[in-house]
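In: using only what follows, build the 3D model:
(chains A and B)
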2 protein chains.
Amino acid sequence: MDYLSEKFKRLGIDNAAGQEERQQTAGLDLRGDPLPGPAVNFSHGDVDAHEPTPGALDVFVEGYKKGGCVAYTVYRGSGDIRKDVAKKLAAFTGAAIDYDKELILTPGTQGALFLALGCLVGRGDKVAIVEPDYFDNRKLVEFFDGELISVKLDYLSQDSCAGVNLSALEESFKQGVKLFLFSNPNNPTGVIYSEKEIRTIAALAKKYNVTLIVDELYSRQIFENHPYTHLRALAERPDNLLTIMGPSKTESLSGFRLGTAFGTAAIIDRMEKLQAIVTLRAPGYCQYVFKTWFNEPKGWLADRIIQHQQIRDDLVAVVRAHEGCKVRKTEGGSYIFPSLPPMDVSISDFAKIVRKLTGVAITPGTEFGPQFIHNFRVNFSQDHDDAIDAVKRVMDIMERYRSKL
Amino acid sequence: MDYLSEKFKRLGIDNAAGQEERQQTAGLDLRGDPLPGPAVNFSHGDVDAHEPTPGALDVFVEGYKKGGCVAYTVYRGSGDIRKDVAKKLAAFTGAAIDYDKELILTPGTQGALFLALGCLVGRGDKVAIVEPDYFDNRKLVEFFDGELISVKLDYLSQDSCAGVNLSALEESFKQGVKLFLFSNPNNPTGVIYSEKEIRTIAALAKKYNVTLIVDELYSRQIFENHPYTHLRALAERPDNLLTIMGPSKTESLSGFRLGTAFGTAAIIDRMEKLQAIVTLRAPGYCQYVFKTWFNEPKGWLADRIIQHQQIRDDLVAVVRAHEGCKVRKTEGGSYIFPSLPPMDVSISDFAKIVRKLTGVAITPGTEFGPQFIHNFRVNFSQDHDDAIDAVKRVMDIMERYRSKL
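Out: Numbers count the residues shown, from 1 in each chain, chains lettered A, B, ... in the order given. As a prediction, the model looks like this:
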């Protein structure tokens, strides 16, 4: 098999969140009757249950009517929009952003991650990632022929920090890691890195001259005022640092495909060059919708957080009611990452069986690291009652497959 | 300099169409007074002068109101939309398309090209391209570490065909070319490949087992009923074939970022895997706008073609009135690619000077192949009178720099 065939064989999406409708389900060990109920797709949030930011469509229409000056922008995105977004993100993260040099608008934060890794990862470059973490981090490193070094997040035995293994991280930096990439709050566990963890990561990166990418996609949806540290605002921050955020999740604006990356100007310059050949620019009229970001009606964000906290609490209780099941309470974002007792089927078959018998889509833990063979991820940005009902059915199916050994 | 720095140094965008506002203009040899007039940007079409397809915004709003089922789609794009688009593209191109296996929706045709080359070009693979042709073809091959082999298009000395050097093409195939990529109508010259040229390309690709990518972005905007041959409808077509089209140009829908690629199922599968880590999917609500494509009000396309034909004719006359200037009449699409007599400044400095003295943006010929040091490209999808006025001023500036040798 040639080099590209090998690469694309590894680049599987059969179990990827969002692709469930294309799965093959022949040959599964189906036990018992279907459990009917709402067909919840836990692979992403439900933007019908939690609607896009009020006014988003109006702003899009306004942009469309302005015409050509909005449809076509420089590749890094409209200057006016960058000016507005940079000001808001600087205030939110606590450190200045030069809108013209240090910010790029991208098609989704996935777009930002892709561009960043395309600019920073050459053949054989060592890249440290956290396990578990967003599944595409791993795929991106593989696509760009980097060498993955994984660092464990011991999230279940901690509660005052995320649980990243800082000595393993330093060891990887000593071994020549060029780039370290992590999400905070962590996807899929929803844990937030402590100030001490963030300060240590920043200081280590500076000491060993490692580039950092901090994916802060979910950093606005923080529960119970949990402390949150923006690495970019620290004195310890390294020279090469990129922060990634976007309005697809908390703000339910995913249908517009919008993301941002901000940080070191030289990285942003490269990202723009790459964006020019990847897709030219984030969709012009959609860029206009950034105007609604950090500009929501008073009380809107607080309400959204309270609604999600309630769903989280009730789902965590459902999971914990089953013997041998563990889950840490989400501190930020819309994910839980329950761990199940041993079953007679693999976690990826379990996800397919669940979909077949209940109509509910979950994401197998192995998407987030090969060792998560007992976990699954749920995006609980759903209708409250549907989500509770759906996770109850998932757990009932789990009982049918619990190992008797 | 390391491998990535080298790569990104080559990946310049300073002279790229659309980036003019970020150009540095210090140190230019400016001769004479500015020539005031409309500030026309010839690097892309003017969607204010030629508006988006009627009803595009209404369809977008309809999609937005449908909500989550439109916002989130599988990575290759909404099944319903693919079904509709496949049917229309099959009718247009004259050969069937399996909507589920042979079609992907992408963020612009640039997105389709990027995904296709990312799937097909490995390190050191030989890729044939035409010179002149769309400038990003070259950049994409370089980004994926392919080896470029250029084949000359002798467009000025032909009028019954595009003028591609078929014997050089066959020679490149014999030398091990894996992929041949070309646009038809050609960007930037606007010439259309003859049936004989297309049949020969197809047969050669089949004979030497070369993969073909045919970029048919402008294939709906054909002047004077010039004959047009869709390679994919021929019996000679090779096994590995991808056709690329989208509604950004003729239909002025660029602000939505929409493109399609259709052809060999195995290539589409890989492209979907890659799209999943590049940007997930074409913007969900925007995908809905494909409903307007090939579904325009009666007479709309014919009117658009007639309007553009008039602009073309008048611009060609302006260029030809200057001694030593040559231009072939556009057969399809919105470009002309005039060639100028020798000047005292390089073509890229000329473009910057023109912008400084007239406010008019043109694209230097060297973006389309290093040998086009006397050419520039104009996208004439502009307001008629503004376009004529602007090209007159460009030609007047040219006279100030004409070599006296």
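In: for chain A, which helix extends over the most residues?
Out: For chain A, the helix reaching the highest residue count under DSSP state H is reported as helix A:300-320.
In: show me the contacts for the closest residue to A:L35 other than its chain neighbours.
Out: By the measure of Cβ to Cβ, 6 or more residues apart in numbering or on different chains, the closest residue to A:L35 outside its immediate chain neighbours is A:R393, 4.4 Å from it. For the C-beta atoms, the positions are set from N, CA and C on the backbone; glycine is no exception. By Cβ atoms under 8 Å, 6 or more residues apart in numbering or on different chains, the contact list for A:R393 reads A:35, A:37, A:354, A:358, A:360.
In: okay, A:R393: pLDDT?
Out: As summarised for this prediction, A:R393 has a pLDDT of 98.
In: hmm, back to that, of the contacts of A:R393, which is the nearest to chain B?
Out: For those, the residue nearest chain B by Cβ to the nearest Cβ is A:V360; the value is 15.3 Å.
In: correct me, but the closest one touches A:A390?
Out: Yes. Shown here, A:V360 and A:A390 form a contact pair, counting by Cβ atoms under 8 Å, at 4.5 Å.
In: so what sits against both of the two?
Out: A:37, A:40, A:42.
In: filter those down to just the ones in strands.
Out: Counting by DSSP state E, none of the members of those fall within strands.
In: list buried residues within these.
Out: Of the members of these, the ones counted as buried by neighbours, 16 or more other Cβ atoms under 10 Å in any protein chain shown, are A:40, A:42.
In: could you dump the shared contacts of A:V360 and A:A390 into CSV and include distance to chain B and pLDDT?
Out: Written out in CSV, the entries for the shared contacts of A:V360 and A:A390 read as follows (distance: Cβ to the nearest Cβ, whole Å; pLDDT from 0 to 100):
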residue, distance to chain B, pLDDT
A:G37, 18, 97
A:V40, 11, 97
A:F42, 12, 97
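In: show me where chain A has its strands.
Out: Using DSSP E, strands in chain A cover A:103-106, A:126-131, A:147-152, A:179-183, A:211-215, A:241-245, A:259-263, A:335-336, A:363-364, A:376-379.
In: right, and those - which one's nearest B:G27?
Out: When the strands of chain A are ranked by distance to B:G27, counting by Cβ to Cβ, first place goes to strand A:103-106 at 27.8 Å.
In: what helices or strands is the closest one leaning on?
Out: Using 3 or more Cβ pairs under 8 Å, 6 or more residues apart in numbering or on different chains; DSSP states H and E as the contact criterion, the neighbours of strand A:103-106 among helices and strands are helix A:79-93, helix A:108-120, strand A:259-263, helix A:265-278.
In: of all those, which one comes closest to A:D46?
Out: When the helices and strands packed on strand A:103-106 are compared for distance to A:D46 using Cβ to Cβ, the nearest one is helix A:108-120, at 17.9 Å.
In: centre of the chain to that closest one, how far?
Out: Per Cα atoms, centre = their mean, to the nearest Å, the displacement of helix A:108-120 from the mean C-alpha position of its chain is 13 Å.
In: same thing with stretch A:360-373?
Out: Its chain's C-alpha centre lies 14 Å from the corresponding centre of stretch A:360-373 when counted by Cα atoms, centre = their mean.
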